[in-house]
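*Asks:* Okay, here's the prediction I keep looking at, along with the sequence it came from:
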Amino acid sequence: MDLGLAGRRALVCASSKGLGKACAVQLGLEGVELTLVARTASPLEATAEEIRQESGVAVRTVAVDITTAEGRDAALHACPEPDILITNAGGPPPGDFRDWDRNDWIAALDANMLTPIELIKATVDGMIARKFGRIVNITSSAVKAPIDILGLSNGARAGLTGFVAGLARKTVAHNVTINNLLPGPFETERLHNTLTALATKTGTSFEEAYETRRRGNPAQRFGDPVEFGQACAFLCGAQSGFITGQNLLLDGGAFPGTF
Ligand code: NAP
């Protein structure tokens, strides 16, 4: 299926690794010009080069922290008029809410709610004027079913989801859609770090923690980031203009609800 995206421009945040990278790779394969953002320059440049070699598309890199105003300015300077915006940033740390103070909450809100909203604000009117826009926010399965140790994530991402639900109904008449992708357990560096921390905390090995988690998923496996990137590319496709305000859960069936 040709997604009709060749020649479009995408700003893909937090994309040197993991799910953000997977989205960038798939958009590159569709012929989309890319601007990639991450804090650490060398893996970011390595990912950019990998995509250039694989897809032949133009790839810019901006090594900044997207959760800062300066970082967002630099990213938007490099890609002022994206047709596609993928918002993403690192997730907040786990813990007990009794240990979090106001600064912890502000940091989580900045990263996982206010940064996507600022980026949408800076780009959505241009998309509306050009009559094409696709915004995809990488959130979490925690929006649908809270994860007890990730209270900061549960709260901040729910805030973004609520805001987007309203705006997505305003922009769709102009062929600008806004949707959220909700990852369950995908095999990325973050997942490995989370399992390592869990193993240390519970006194088991990494392998045991990995196997228990894998077997606990109805699919009997973790998600492959490629699958995530492909879902993202589909939502960005020219044919997806009637899909907006949706929360697409990719979790191998782990959420047990009928809807
Ligand atoms: P990952 O493998 O750790 O990759 C994170 C990427 O984001 C890296 O490229 C990292 O590069 C970049 N990044 C992090 N913070 C950034 C910042 N402030 N500014 C710019 N770039 C930043 O993580 P992932 O598994 O792909 O997760 C992506 C998002 O999905 C996270 O919010 C995570 O909480 C959420 N999520 C993941 C899963 C999962 O199973 N993987 C499940 C649910 C939710 P630098 O470190 O160099 O900046």
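*Replies:* Arrived safely.
*Asks:* Residue numbers of the stretch 51-200 of the chain in contact with the ligand?
*Replies:* Counting by Cβ under 6 Å from any ligand atom, the residues of the stretch 51-200 of the chain close to the ligand are 65-67, 88-91, 138, 140-141, 183, 185-186, 188-191. From N, CA and C alone the C-beta is placed, and that goes for glycine too.
*Asks:* Could you give the average pLDDT over stretch 52-59?
*Replies:* Across stretch 52-59, the average pLDDT comes to 98.
*Asks:* Kindly report the same for stretch 248-259.
*Replies:* 96.
*Asks:* Now do the buried residues in that stretch.
*Replies:* 248-252, 254 (16 or more other Cβ atoms under 10 Å).
*Asks:* hmm, back to that, which of the residues of the stretch 51-200 of the chain next to the ligand are buried?
*Replies:* Restricting those to buried positions leaves 65-67, 88-91, 138, 140-141, 183, 185-186, 188, 190-191, with burial counted as 16+ other Cβ under 10 Å.
*Asks:* Return the member of the buried residues of stretch 248-259 nearest to Ile51.
*Replies:* For the buried residues of stretch 248-259, the residue nearest Ile51 by Cβ to Cβ is Leu250; the value is 21.7 Å.
*Asks:* can I assume the closest one is in contact with Pro185?
*Replies:* No - the pair Leu250 / Pro185 is not scored as a contact, 9.8 Å apart, by Cβ atoms under 8 Å.
*Asks:* Overlap in contacts, these two.
*Replies:* Common neighbours of Leu250 and Pro185 (criterion: Cβ atoms under 8 Å, 6 or more residues apart in numbering): Gly223.
*Asks:* Export the longest helix anywhere in the chain to CSV, keeping only CA atoms.
*Replies:* Once the chain is assigned using DSSP state H, the helix that runs over the most residues is helix 151-171. Extracted in CSV, the C-alpha atoms of helix 151-171 (Å, rounded to 0.1, in the frame of the first residue of the first chain):
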residue,chain,number,x,y,z
GLY,A,151,2.1,7.2,38.6
LEU,A,152,3.9,10.2,37.0
SER,A,153,3.4,8.7,33.6
ASN,A,154,-0.2,7.7,34.3
GLY,A,155,-1.1,11.3,35.3
ALA,A,156,0.9,13.3,32.7
ARG,A,157,0.0,11.2,29.7
ALA,A,158,-3.7,11.2,30.7
GLY,A,159,-3.5,15.0,30.6
LEU,A,160,-2.2,15.0,27.1
THR,A,161,-4.8,12.5,26.0
GLY,A,162,-7.6,14.7,27.3
PHE,A,163,-6.3,17.8,25.6
VAL,A,164,-5.8,16.0,22.3
ALA,A,165,-9.2,14.5,22.4
GLY,A,166,-10.7,18.0,22.1
LEU,A,167,-8.3,19.5,19.6
ALA,A,168,-8.4,16.5,17.2
ARG,A,169,-12.1,17.2,16.5
LYS,A,170,-11.2,20.8,15.5
THR,A,171,-8.4,20.1,13.1
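*Asks:* so what does the helix or strand bottoming out on mean pLDDT in the chain touch, helix or strand wise?
*Replies:* Confidence across the helices and strands of the chain bottoms out at helix 189-202, with a mean of 90, counting by mean pLDDT, DSSP states H and E. Applying 3 or more Cβ pairs under 8 Å, 6 or more residues apart in numbering; DSSP states H and E, one finds that helix 189-202 makes contact with helix 206-215.
*Asks:* How about the helix it packs on and the ligand, touching?
*Replies:* No - Helix 206-215 lies out of reach of the ligand by Cβ under 6 Å from any ligand atom, never closer than 10.1 Å.
*Asks:* Run the contact check for stretch 26-36 versus the ligand.
*Replies:* No - on the criterion Cβ under 6 Å from any ligand atom, stretch 26-36 is out of touch with the ligand, staying 8.6 Å away.
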